[in-house]
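Trainee: Need the 3D shape of this:
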Amino acid sequence: MPTKRFAVALLLCFSIPSFAQRIATFRLEIPAGPVGIPVRINLDEITFISDSLLSLVEVSGNTRTPVPFQISRRELYWMVHPDSTPRQVSYELVKGSQAPKKNVAALSKDGTLTLTAGDKNLLRYYYETLYPPAGVDSAYKRSGFIHPLWSPHGQELTRIQPKDHYHHYGIWNPWTHVLYEGDTVDFWNLRGRKGLVRFARFISTTEGDLFGEFRVLHEHVVLKPGGSEEVALNELQTVRVYDPAGKDYYIADLTFTMNCATESPVRLLEYRYGGLGWRTTEAWNKDNSEVLSSQGLTRKDADGSKARWCIVQGEVGGDYAGVEMMSFPANYNHPEPLRIWPENQYGRGDMFANFSPTKDTDWLLEPGKDYVLKYRLVVFNGKFAGEQAESAWQNYVTPIKLTVIKD
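Mentor: Below you'll find the predicted structure:
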């Protein structure tokens, strides 16, 4: 179990003296776009100076402005903010003073880990098992899921344990129809008692000026007759949330690395849903929310189509908010098939969205290999248009042009 508050991952670039020793200059070609772009560079290719002795400044003429940044596993990260037109920006990596600060914190309480920015909650992860309401079959219990996902203005955009689907848990990543050692297993529909997914342990947690992150191990467990169980699939889940920095959006990156837990292969069988699922807020229905995919399809026709990205947005709490879900091009079966509930779901049109790479094909996972799925969520208030979503996706998948000049 993690501690009450986690150690600082990195320090804020602060009060950099003009005489600080310059180590390298970075020149970036920043494309146009609607949301910030995280930039990354490997420090070991530039300097062997200790992380704690490094700072980053933006250079404009004779002005040098400290830039929020973070170092994780010798990778230097910072955020650039595009304008309506492309532009060039220069930064300097310097050896200089800095003061510790955490813009994104990780708070542990009552079996949950919450990533926060200032006084705003952004995302909560359940690492202890949550049971269903009294009187409901305990088979619906679950750990290892995200809820709530909050908008920048504080509205909850996820829902758990709805009466129509007690096994729906905010944002979660089980597989529905799986072949393992000659038998089919369902890790999604918990009531069948064929399988489940559970939190096993924390790998790491991070707080810092630019982002907060947790890395956890999930076990996909086969439940066998007689009460025995076997872990068939391990999943390393990494969730990183970037500081909103006062804007009406923030970025959350989700990475799922899966490998077989035994010498037996795992075949994820073709099925209409499975993988990254999002049960949205109960405030949304067919009349006050909308769907738009990268193919220009809406809630009427997006189900079963393939997409690079998908927006789900609507009215909530007297405001408007939503999420753009982005699929990374290296993901299996990309562009990925979508599972989008129809407009007449339960009469009022409850909303569920799912990137399901096995919706139209099997996926064989072999022992000794890693299989990775990467997604980016842009969580926003206001309304996102298709051209904004496409631009944000292009900036997600296209490496930014960066020139390094060492001193």
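Trainee: Isn't Pro162 up against Arg279?
Mentor: Yes: using Cβ atoms under 8 Å, Pro162 makes contact with Arg279 at a distance of 6.8 Å. Using the backbone N, CA and C atoms, a C-beta is placed for each residue, glycine as well.
Trainee: Those two: which has the busier surroundings?
Mentor: Arg279 (25 against 14; other Cβ atoms under 10 Å).
Trainee: Report the spatially nearest residue to that one, omitting neighbours in sequence.
Mentor: His168 (4.0 Å; Cβ to Cβ, 6 or more residues apart in numbering).
Trainee: give me the number of residues near that neighbour?
Mentor: 23.
Trainee: Could you pull up the residues touching it?
Mentor: Listed by Cβ atoms under 8 Å, 6 or more residues apart in numbering, the contact partners of His168 are Arg159, Ile160, Gln161, Pro162, Gly277, Arg279, Phe352.
Trainee: so which of those residues is the most crowded?
Mentor: In the contacts of His168, the most neighbours by other Cβ under 10 Å go to Arg279, 25 neighbours.
Trainee: Now do that one against Pro66, distance only.
Mentor: 41 Å (Cβ to Cβ, to the nearest Å).
Trainee: circling back to that earlier point, which pLDDT value goes with the residue nearest to Arg279?
Mentor: Here the pLDDT value assigned to His168 is 98.
Trainee: Against Asp51, how distant is it?
Mentor: As judged by Cβ to Cβ, His168 and Asp51 stand 41 Å apart.
Trainee: quick one: the strands in the stretch 101-250 of the chain?
Mentor: Secondary structure of the stretch 101-250 of the chain by DSSP state E, counting those that start in this stretch: the strands cover 104-109, 112-117, 120-126, 145-149, 171-172, 178-180, 183-185, 195-206, 211-223, 229-242, 249-260.
Trainee: Take those and write them to a markdown table, including distance to Asp319 and mean pLDDT.
Mentor: As requested, those are exported to a markdown table (distance: least, Cβ to Cβ, whole Å; pLDDT from 0 to 100):
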| stretch | distance to Asp319 | mean pLDDT |
| --- | --- | --- |
| strand 104-109 | 23 | 98 |
| strand 112-117 | 18 | 98 |
| strand 120-126 | 14 | 98 |
| strand 145-149 | 15 | 98 |
| strand 171-172 | 20 | 98 |
| strand 178-180 | 39 | 98 |
| strand 183-185 | 41 | 97 |
| strand 195-206 | 30 | 98 |
| strand 211-223 | 24 | 98 |
| strand 229-242 | 20 | 98 |
| strand 249-260 | 13 | 98 |
